[in-house]
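Peer 1: The following comprises the amino acid sequence and a computationally predicted model.
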Amino acid sequence: MTEKQLPPHKEPGRESPWELAVGPSPEHWNDWVELDPQAWPERKERHYRCVPTICFNCESACGLLAFVDKETGDVEKFEGNPVHPGSRGRTCAKGPATINQVRDTERILKPLKRKGARGGGEWEEVSWTEALDDIAGRIRAAIEEDRHEDVMYHVGRPGEDHFVMRMLQAWGIDGHNSHTNVCSASARFGFSTWFGADRPSPDYSEAKFALLLSAHLETGHYFNPHAQRIIEAKERGTKIAVVDTRLSNTTTHADRWISSWPGSEAALLLGVARELLSRDAIDHAFVERWTNWRAFLEARDADGPGTYARFIELLRAEYDRFTPEFVVDECKVEPGTVEYLADEIAAAGSRFTSHLWRNAASGNHGGWQVARALLFLHVLSGSVGTPGGLNPNSWDKFAPKPPLTPPPHSRWNEKLFPKEFPLAHYEMSFLLPHLLEHQESKLDVYFTRVYNPVWTNPDGCTWIEMLEDPDRIGLHVALSPTWSETAQWADYVLPMGLGPERHDIMSQETHAGTWIGFRQPVGREFHRQETGEALTTLETNPGEVWEEAEFWIALTWRIDPDGSLGISKYFESKERPGEPQTMDEYFGDIFENSVPGLPEAAEKEGVTPLEYMRRYGAFAVPYGGQERYEGEGEVELASGERKAGFGTPSGLLEFYSPTISEWGFDEHAIPNYLESQVNWRGLDLEKGERALLPTFRLPTLIHTRSANSKWLQEISHTNPLWVHPEDAEALGLVNGGLARVTTEIGYFVVRVWVTEGIHPGVVACSHHVGRWRLHREVGGAQLATSLVDIHREDGTFLFRQKEPVSPFSTDDPDTSRIHWKETGVNQNLTFPVQPDPASGMHCWHQKVTVSPAAEGDQYGDVFVDTKRSREVFQEWMKKTQPAPVGGLRRPLWMNRPLKPTEDAYRL
Ligand code: SF4
């Protein structure tokens, strides 16, 4: 009897007897009963209260249900929240593994202050009061002395949609730094210059053909919400092609794997555009109506007839060089690839969808042209904003704002947006050590929050040098629930709540629809439901762990206790003037006043909007629908009809970007192809040179946040070098042996995995592991980090693993059962910064030399020369096109976090 033939067994409250079970439905959440597996064979019932919250392990913001034991008040497990519109009850492995993070025996439970030298590993417990007074005093002094740019908040995973931005705006500080330029700046720049929104939102639900330039099913952006919709689409007959140099898990579910040379993807897509143009498989009505083809003709064919027919004629001439033969040679793909993609896109028409986020765009100099070329295919096929097509993300995301908004500041912080990168999307975050040195500048208060640049960013050793230097960093405050490589060099480590220990509002463009999710501290909400008493998270979280929103409000009131700076009023209770807002007041105000449809939905259930969100954890905001072309302004069409347009300066889809042209990249003002820094022409294969692809994630890990999860670490803890058999033979490498991979500023020693899952000439290594710590007891999760020594001499660093991961003794018996030893290699340390001169994105792919390990090399060795890293930084800076243009630092229309007043844009 197959599984499908089994008689239906439906647990009360479970959604479906046949599909993978999703969480219990809400009417059962107050008293959900399960048998205690530990008590078996006794049938002992355990009663749970299910509290909805939101996962914090990646950006997808899937809904979780915390099962809180009604007897003990302990969270026993996490499952998916079935009423969350984005994730629909499903999670990936990382969602349920949140329980490991909550119960992590090594988590930081009290505020810590450094003793001795930075990085020395000595800490003492301090009170929150002492930490707040010290930090607030410094920030107040910076504000009063007009040194606003000396305060910086640097975030890795925001996990929320507005709170900190609004707070910094209230402080009047241009001090928001992010991780965007080591993540997605490149694709964002490409999409933004086409349609004014910086992300695509595919509608898989009605697509006929999906082209994925991303490893979506296991690790891509909006991983679980997208993955489930891609598989549903596949079951309905949607064809799927994946462009990825590496055989990803996604590829194994595709109809076609296109393994192109890294960095050649734009050439491939423009080859498809040429094919569509030559077949005249074009939605002319759409192209004529919605692209700025007239601007293109004015710029490039001013003496021509100015007709649409002339535009098409010029398009054909422009892209004629991207023949199928050229693509096969340039991209190293199978003959017939271009024709196949053109067939599928032409057949799908307006029901062609795609996704690109990091992947190809993030690896390469000019990677943003991959996004420009991909959207070009959507424009030609008329599949922008259509059912089954591709939406601007702004249609499919709803981020409510508090009713009281602080005015924009009028400052410009060169440490974030230096003149050399006027189009950067966004802050030049990974250059911070170089910029401080270059600008002879410092930071008085530097917050890092869910951000681990020493390990994550390229060139991490310059970060160590910066963090050690009191002339560069006055005070480093690491806001983190766990140790990280970077927190080792902090002055304070302040324990912030994990995902189920904090409040945030989140929304993501997971599908053609809009929703908000409410992350709430589970312990606090359980206590409130049981007793009716609303406490703070400091009172309900483990130890002295605080949630960020309450911490920031307390800090703001410490900076401006009497309101004289005009700051604290943005976090003041309406009911109790002169006192800080509570979380119920803050979020209640937003839910009542800023979320359309929510007050009505709440009223139907006889509850307040806040109670509704605390009860369900998510709300489907009424959807504006597709084919609505809303944007910044109105567009006058040739017909004289006026209709709201896209968020570009013209309101049209900007095939020709006047912005790109005017700001120094005229040749690339239309979708074009730039050779990557790892183009095959630049490699001497005979000498062992190869392209290194270091950008891929592991499905069960997420950057710096999964080290404290024992289940996830047991599944994934190494990052071997993927080497094609032909390369292994040519390079003298054997499966399981050690290789030395030499970059421009150093080398790393890694284990070899010989596999046909990678393009010949290319090697690949995941960036998700290779965690390390300097001290035995502090600085990193013992189950995920190796203990290292750093030998330093004249600007060089040699990291050598002293002890591998080993079993250790705690209250959790599993820590004594650790059976793995290797933790991978921190390859990012050996990468120089390679900032794309237009988007500002770090171009991750590396030109490397691969050889068998040298005598004396040990697994995990990392060597870096920071003098050389400074030279490489200067070499890339020569490629930039600095501001001003027309007296501006940056085009006025281009967005940026904490957008200042127009005055600040003028130089
Ligand atoms: S996809 Fe992301 S948000 Fe969703 S369960 Fe996995 S880690 Fe959590």
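Peer 2: Nice, I can see it. Numbering: from 1, shown residues only.
Peer 1: Contact partners for residue 773?
Peer 2: In this structure, residue 773 makes contact with 483, 485, 488, 779, 780, 785, 786, 787, 788, judged by Cβ atoms under 8 Å, 6 or more residues apart in numbering. From N, CA and C alone the C-beta is placed, and that goes for glycine too.
Peer 1: hmm, try it at 6 Å
Peer 2: Residue 773 makes contacts with 779, 780, 785, as judged by Cβ atoms under 6 Å, 6 or more residues apart in numbering.
Peer 1: Helices - which of the residues you listed land there?
Peer 2: Secondary structure of the contacts of residue 773 is defined by DSSP state H; no position falls in helices.
Peer 1: of all of the stretch 251-400 of the chain, which residue lies closest to the ligand?
Peer 2: Of the stretch 251-400 of the chain, the residue with the smallest distance to the ligand, taken as Cβ to the nearest ligand atom, is residue 357 at 13.6 Å.
Peer 1: and residue 751, which of the three is it?
Peer 2: strand (DSSP: H, G, I helix; E, B strand; the rest coil).
Peer 1: follow-up on the earlier one: with respect to residue 467, which of the contacts of residue 773 is nearest?
Peer 2: In terms of Cβ to Cβ, no member of the contacts of residue 773 lies closer to residue 467 than residue 779, at 13.3 Å.
Peer 1: how about the residues of the protein near the ligand?
Peer 2: Taking Cβ under 6 Å from any ligand atom as the criterion, the neighbours of the ligand within the chain are 55, 57-58, 60-62, 87, 91-92, 94-95, 223-224, 702.
Peer 1: Tell me if I am right that residue 833 is in a strand.
Peer 2: No: counting by three-state DSSP, residue 833 falls outside a strand, being coil.
Peer 1: pretty sure it contacts residue 461?
Peer 2: No: look at residue 833 against residue 461 with Cβ atoms under 6 Å: they stay out of range, at 11.6 Å.
Peer 1: ok, now which ones touch residue 144?
Peer 2: Residue 144 makes contact with no residue, according to Cβ under 6 Å, 6+ apart.
Peer 1: again with the one 4 residues further on
Peer 2: By Cβ under 6 Å, 6+ apart, the contact set of residue 148 is 173, 411.
Peer 1: Can you list the buried residues in stretch 471-488?
Peer 2: Neighbour-count burial for stretch 471-488 flags 472-488 (criterion: 16 or more other Cβ atoms under 10 Å).
Peer 1: Next, check the residues you listed against the strands and list the overlap.
Peer 2: The strands in this structure, assigned by DSSP state E, contain 473, 474, 475, 476, 477, 478, 479 from the buried residues of stretch 471-488.
Peer 1: what sits against the third one?
Peer 2: What it means is residue 475. When the contact criterion is Cβ under 6 Å, 6+ apart, the partners of residue 475 are 445, 491.
Peer 1: tell me the pLDDT at it?
Peer 2: With respect to pLDDT, residue 475 scores 98.
Peer 1: residue in the stretch 201-350 of the chain nearest to the ligand?
Peer 2: Proximity to the ligand, evaluated over the stretch 201-350 of the chain using Cβ to the nearest ligand atom, is greatest for residue 224 at 3.4 Å.
Peer 1: next one: phi and psi at that residue?
Peer 2: Comment: the main-chain dihedrals of residue 224 come out as phi -70, psi -50, following degrees, to the nearest 10.
Peer 1: Look up how far residue 303 lies from the residue lying closest to it once chain neighbours are set aside.
Peer 2: By the measure of Cβ to Cβ, 6 or more residues apart in numbering, the closest residue to residue 224 outside its immediate chain neighbours is residue 92, 4.6 Å from it. Plainly put, residue 92 is 57 Å away from residue 303 if you go by Cβ to Cβ, to the nearest Å.
Peer 1: Could you export stretch 302-320 as PDB, CA atoms only?
Peer 2: Extracted in PDB, the C-alpha atoms of stretch 302-320 (Å, rounded to 0.1, in the frame of the first residue of the first chain):
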ATOM      1  CA  ALA A 302      19.100  62.200 -32.900                       C
ATOM      2  CA  ASP A 303      19.100  62.700 -36.700                       C
ATOM      3  CA  GLY A 304      17.000  59.600 -37.400                       C
ATOM      4  CA  PRO A 305      13.200  59.400 -38.000                       C
ATOM      5  CA  GLY A 306      12.400  59.000 -34.300                       C
ATOM      6  CA  THR A 307       9.900  56.100 -35.000                       C
ATOM      7  CA  TYR A 308       9.300  53.000 -33.000                       C
ATOM      8  CA  ALA A 309      10.200  51.000 -36.200                       C
ATOM      9  CA  ARG A 310      13.600  52.700 -36.200                       C
ATOM     10  CA  PHE A 311      14.000  51.800 -32.500                       C
ATOM     11  CA  ILE A 312      13.500  48.100 -33.300                       C
ATOM     12  CA  GLU A 313      15.800  48.300 -36.200                       C
ATOM     13  CA  LEU A 314      18.500  49.800 -34.000                       C
ATOM     14  CA  LEU A 315      17.900  47.100 -31.300                       C
ATOM     15  CA  ARG A 316      18.500  44.400 -33.800                       C
ATOM     16  CA  ALA A 317      21.700  46.000 -34.900                       C
ATOM     17  CA  GLU A 318      22.800  46.700 -31.400                       C
ATOM     18  CA  TYR A 319      22.500  43.100 -30.200                       C
ATOM     19  CA  ASP A 320      23.500  41.400 -33.500                       C
END
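Peer 1: which parts of that stretch are buried?
Peer 2: Under 16+ other Cβ under 10 Å, the buried positions of stretch 302-320 are 308, 311, 312, 314, 315, 318, 319.
Peer 1: buried residues in the lengthiest helix in the chain?
Peer 2: Using DSSP H, we find that the single longest helix of the chain is helix 128-144. Buried positions in helix 128-144, judged by neighbour count with 16+ other Cβ under 10 Å: 128, 131, 132, 134, 135, 136, 138, 139, 140, 142, 143.
Peer 1: Skip ahead from that helix and say which helix or strand is next.
Peer 2: Stepping forward along the backbone from helix 128-144, the first helix or strand reached (DSSP states H and E) is strand 151-155.
Peer 1: can you give me the mean pLDDT across that following strand?
Peer 2: Mean predicted lDDT for strand 151-155 stands at 97.
Peer 1: Stretch 164-181 now?
Peer 2: Taken as a whole, stretch 164-181 has an average pLDDT of 96.
Peer 1: Need the distance between the two termini of that stretch.
Peer 2: 19 Å (Cα to Cα, to the nearest Å).
Peer 1: Ok, stretch 559-574 next?
Peer 2: Between the opening and closing residues of stretch 559-574 we find a distance of 20 Å, counting by Cα to Cα.
Peer 1: For it, which outside residues touch it?
Peer 2: Counting by Cβ under 6 Å, 6+ apart, residues outside stretch 559-574 touching it are 136, 139-140, 170-171, 406, 553, 556-557, 579-581, 585.
Peer 1: could those be laid out in CSV, adding secondary structure and distance to residue 827?
Peer 2: What follows is these, written out as CSV (DSSP: H, G, I helix; E, B strand; the rest coil; distance: Cβ to Cβ, whole Å):
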residue, secondary structure, distance to residue 827
136, helix, 39
139, helix, 36
140, helix, 42
170, helix, 40
171, helix, 37
406, coil, 42
553, helix, 40
556, helix, 40
557, helix, 44
579, coil, 50
580, strand, 45
581, coil, 45
585, helix, 47
